[in-house]
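Engineer: Show me the folded form of this:
(chains A and B)
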2 protein chains.
Amino acid sequence: MERRDFLKKGLIAGLGVAVGGVTGLKAALGETKDPKLPFPYVKLDPKEIADRAYSEYFKHECCDGVFRTIIDALKEKVGGPYMGIPSLMFWYGGGGIAGWGTVCGTLNGAAAIFNLTCKDFKPMIDTLFEWYQNTQLPTYQPPVCKPGLEKFPKSVAHSPLCHVSVQRWCQVASVFFGRPILYNSKERSERCARLTATVAAKTVELLNAYHFEGFKPKPIKGRQKTKMDCRVCHEAAMKELS
Amino acid sequence: MERRDFLKKGLIAGLGVAVGGVTGLKAALGETKDPKLPFPYVKLDPKEIADRAYSEYFKHECCDGVFRTIIDALKEKVGGPYMGIPSLMFWYGGGGIAGWGTVCGTLNGAAAIFNLTCKDFKPMIDTLFEWYQNTQLPTYQPPVCKPGLEKFPKSVAHSPLCHVSVQRWCQVASVFFGRPILYNSKERSERCARLTATVAAKTVELLNAYHFEGFKPKPIKGRQKTKMDCRVCHEAAMKELS
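Structural biologist: Numbering: from 1, shown residues only, chains lettered A, B, ... in the order given. All right, here's what the predicted structure looks like:
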């Protein structure tokens, strides 16, 4: 058998085992290693990621928009261990997990990416969450805006929670457009698509800084089993924070 | 070359490609498929899962406790597509995501499992979340209780949020033990370990029912971009709900 044939048949035999279950491979070779974290990261382009995340939002919502866009880019550019992770693994996180309005899906997806790619994933999460709740968002503008949505309102969420972030934007948007903008409107959907793009780009900027520019994220100290701002829900300080 | 040698060398060649990156395999074979969801599920034992989840909590917290325990059991019993998923992929979800107190980590981990294993994952999530926020928890009792913790308080969370769930339990526990039980106490940690075991077992019960007993989960209708109970944070109805 020639070298070329041997390699080809070897590949097919090896693949056959893989398709038949890695347990087969495990039995044959004595062990299978759990994929070790963190996975290797290569520099990604925030602008390109943002455009892809914006489109992806309209397929499987916010959490998938951030997670899948970045995972698919890493599958293309790194391959290897990323190939075993289903791209749709974070569909469930949409609307604060299946519409429950808990943690914003963009943050859940981004946090999972930090877990996969950074040894110090917790302060990376802190950095992103703090930025999210204190910044006028969304800042992303799609290449072609839908009619009437060229000028678009931003709001500060003051919280990492989906329904708080959404309701606050709806209040600001209602004033901006001069008519009630509800949580189930197409404007709100457009806002979450642009937010998905904005958070995906910010996640990649932080990853680039961490892996290639010596960025050291700072952990945030919690209180009462949370790092959220208690006043948002628990005092009549809502107006004060606006 | 004998068949046995050929297979052995073939396996090694195939594995060499896999270790060198699936992209190599992709190049060699022309394509690599994204792992297709849902993954196959086999019946798991809720009691065994609960015991393992309880121990796992003390290593990498609540979200990992649920996710890893179930994933590792499926790696052992199914193998195949599960082998590509890092067991520690949901470490980030601990304490409502890196201590932020947003969604309870046990629910985030369980929701990810439903996404991986059920076509109708959204109503499965609804069923688990509703049960979680309306049930006296935790019900799990470890095989050997820590001294002084044989009798253990339960509470109803009225919310899928970590810090709400924790604070409510701390209130009940303080009355139960007759002294202040704080969020950073060892009793609270024990409670979250038992909750991790309880939720992991419930998740597996629901999966067994869905895949083998014809259970059809019912979706819950949301309001104002959430399925949570608004009164928990937004009205002086806390006492009314207690």
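
Engineer: which residues in chain A form helices?
Structural biologist: With DSSP state H as the definition, chain A shows helices at residue ranges A:3-19, A:22-29, A:46-77, A:105-117, A:121-134, A:162-177, A:186-212, A:231-234, A:238-241.

Engineer: so can I have a markdown table of the ones you listed showing mean neighbour count, mean pLDDT and distance to residue A:148?
Structural biologist: Yep, even glycine has a C-beta here, placed from its N, CA and C like the rest. Shown next, in a markdown table, are those (neighbours: other CB atoms under 10 Å in any protein chain shown; pLDDT from 0 to 100; distance: least, CB to CB, whole Å):
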| stretch | mean neighbour count | mean pLDDT | distance to residue A:148 |
| --- | --- | --- | --- |
| helix A:3-19 | 16 | 41 | 51 |
| helix A:22-29 | 17 | 43 | 52 |
| helix A:46-77 | 22 | 98 | 18 |
| helix A:105-117 | 28 | 98 | 24 |
| helix A:121-134 | 21 | 97 | 27 |
| helix A:162-177 | 21 | 97 | 9 |
| helix A:186-212 | 22 | 98 | 9 |
| helix A:231-234 | 14 | 80 | 31 |
| helix A:238-241 | 10 | 47 | 29 |
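
Engineer: among these, which is nearest residue B:69?
Structural biologist: Closest to residue B:69 of the helices of chain A, according to CB to CB: helix A:105-117, at 17.1 Å.

Engineer: measure residue A:226 to residue B:165 for me?
Structural biologist: 11 Å (CB to CB, to the nearest Å).

Engineer: buried stuff in stretch A:32-50?
Structural biologist: Within stretch A:32-50, the residues scored as buried using 16 or more other CB atoms under 10 Å in any protein chain shown are A:32, A:35, A:37, A:38, A:39, A:41, A:44, A:46, A:49, A:50.

Engineer: Throw the residues you listed into a markdown table and include distance to chain B, thanks.
Structural biologist: Formatted as a markdown table, the buried residues of stretch A:32-50 follow (distance: CB to the nearest CB, whole Å):
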| residue | distance to chain B |
| --- | --- |
| A:32 | 6 |
| A:35 | 4 |
| A:37 | 5 |
| A:38 | 9 |
| A:39 | 8 |
| A:41 | 14 |
| A:44 | 16 |
| A:46 | 21 |
| A:49 | 18 |
| A:50 | 22 |
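
Engineer: now, among these, which is nearest to residue B:194?
Structural biologist: Using CB to CB, the buried residues of stretch A:32-50 come closest to residue B:194 at residue A:37, 27.2 Å.

Engineer: what residues are up against that closest one?
Structural biologist: A:115, A:116, B:86, B:88, B:89 (CB atoms under 8 Å, 6 or more residues apart in numbering or on different chains).

Engineer: follow-up on the earlier one: mind putting the buried residues of stretch A:32-50 in TSV, distance to residue A:58 included?
Structural biologist: Shown next, in TSV, are the buried residues of stretch A:32-50 (distance: CB to CB, whole Å):
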residue	distance to residue A:58
A:32	38
A:35	31
A:37	31
A:38	31
A:39	28
A:41	27
A:44	21
A:46	20
A:49	16
A:50	14
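
Engineer: Looking at these, point me to the pair that's furthest apart.
Structural biologist: The largest separation in the buried residues of stretch A:32-50, counting by CB to CB, is between A:32 and A:50 at 36.9 Å.

Engineer: Now residue A:209: closest residue in space, sequence neighbours ignored.
Structural biologist: residue A:215 (3.5 Å; CB to CB, 6 or more residues apart in numbering or on different chains).

Engineer: Looks like that neighbour contacts residue A:124 (just checking).
Structural biologist: No - taking contacts as CB atoms under 8 Å, residue A:215 lies outside contact range of residue A:124: 9.1 Å.

Engineer: anything in contact with each of these two?
Structural biologist: Common neighbours of residue A:215 and residue A:124 (criterion: CB under 8 Å, 6+ apart): residue A:206.

Engineer: who's in contact with residue A:211?
Structural biologist: Contacts of residue A:211 by CB under 8 Å, 6+ apart are A:41, A:43, A:117, A:118.

Engineer: Just the closest of these to chain B, please.
Structural biologist: residue A:118 (9.8 Å; CB to the nearest CB).

Engineer: one step back: tell me the one among the contacts of residue A:37 nearest to residue B:192.
Structural biologist: residue B:88 (18.2 Å).

Engineer: ok, and the closest non-adjacent residue to the closest one?
Structural biologist: Nearest one to residue B:88, counting by CB to CB, 6+ apart, is residue A:37 at 5.5 Å.

Engineer: mind checking how far that neighbour is from residue A:119?
Structural biologist: Taking CB to CB, one finds residue A:37 at 8 Å from residue A:119.

Engineer: Kindly report the same for residue A:206.
Structural biologist: For residue A:206 relative to residue A:119 (CB to CB), the value is 14 Å.

Engineer: about what we covered before: among the buried residues of stretch A:32-50, find the lowest-pLDDT one for me.
Structural biologist: Within the buried residues of stretch A:32-50, pLDDT reaches its minimum at residue A:32, with 70.

Engineer: Residue B:84 is in contact with that one, correct?
Structural biologist: No - counting by CB under 8 Å, residue A:32 stays clear of residue B:84, with 10.3 Å between them.

Engineer: Check the gap between residue A:122 and residue A:182 for me.
Structural biologist: Separation of residue A:122 from residue A:182 (CB to CB): 36 Å.

Engineer: Then residue A:112?
Structural biologist: For residue A:112, the distance to residue A:182 - CB to CB - is 30 Å.
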